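> got a predicted model here, sequence first, then my questions.
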Amino acid sequence: MPKVLQMFKKGSKLYSILTGSCPKCHMESMYKVKNPYLVGSIFEMNERCSHCNTKYKIEPSFFYGAMYVSYGVGIAFAVAAFVIAFLVFEASLLTTFISIVLTLIGFFPIIIRLSRNIWINIFMNYDPKAVTKS
């Protein structure tokens, strides 16, 4: 398998970040509702992984640190919108600005979830032994 594809395999940080799965076992979603666009339940997470019993909220207010990550993720989305609108489609500055704002509004739930996933994966690593537990 090519090395690039191995980065997205189960057992990698990227797999856990992009799927929102448990950072220890990658066996189930950390979120009660997988769809981030159900805004009422965007922050609702399971307390623990039902497979490996990993506690997601390591301490009270643990995910406040994800706010700093969301700033960087938001900037990445804004830069991508700028490049696509201004450089690819050669839109005016006003149209480019509007596309950036609409991109950030449209991807807001995904940015929040990605930020939380990145934040928890900074502190937890995949454990192949956790996969075999039942």
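That came through, no problem.
> list the contacts for the residue nearest the centre of the chain?
When C-alpha atoms, centre = their mean is applied to the chain, the residue found nearest the centroid is L114 (1.6 Å). By C-beta atoms under 8 Å, 6 or more residues apart in numbering, the contact list for L114 reads I17, L18, S70, V73. Placement of C-beta: from N, CA and C, glycine included.
> drop anything exposed from the residues you listed.
Burial by neighbour count, 16 or more other C-beta atoms under 10 Å: within the contacts of L114 this picks out I17, S70, V73.
> circling back to that earlier point, what about the residue nearest to the centre of the chain, which SS state?
Using DSSP: H, G, I helix; E, B strand; the rest coil, the secondary structure recorded for L114 is helix.
> from the buried ones among the contacts of L114, which ones fall inside helices?
Under the assignment DSSP state H, these contribute I17, S70, V73 to helices.
> between the residues you listed, which sits nearest I42?
Nearest to I42 out of those is S70 (C-beta to C-beta; 12.2 Å).
> contact partners for the closest residue to the closest one other than its chain neighbours?
Counting by C-beta to C-beta, 6 or more residues apart in numbering, S70 lies nearest to S115, which is 3.7 Å off, once chain neighbours are set aside. When contacts are counted by C-beta under 8 Å, 6+ apart, S115 is found next to A66, M67, V69, S70, V73.
> can you redo those as CSV with pLDDT and distance to Y126?
Output for the contacts of S115, formatted as CSV (pLDDT from 0 to 100; distance: C-beta to C-beta, whole Å):
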residue, pLDDT, distance to Y126
A66, 96, 19
M67, 96, 25
V69, 98, 19
S70, 98, 23
V73, 98, 21
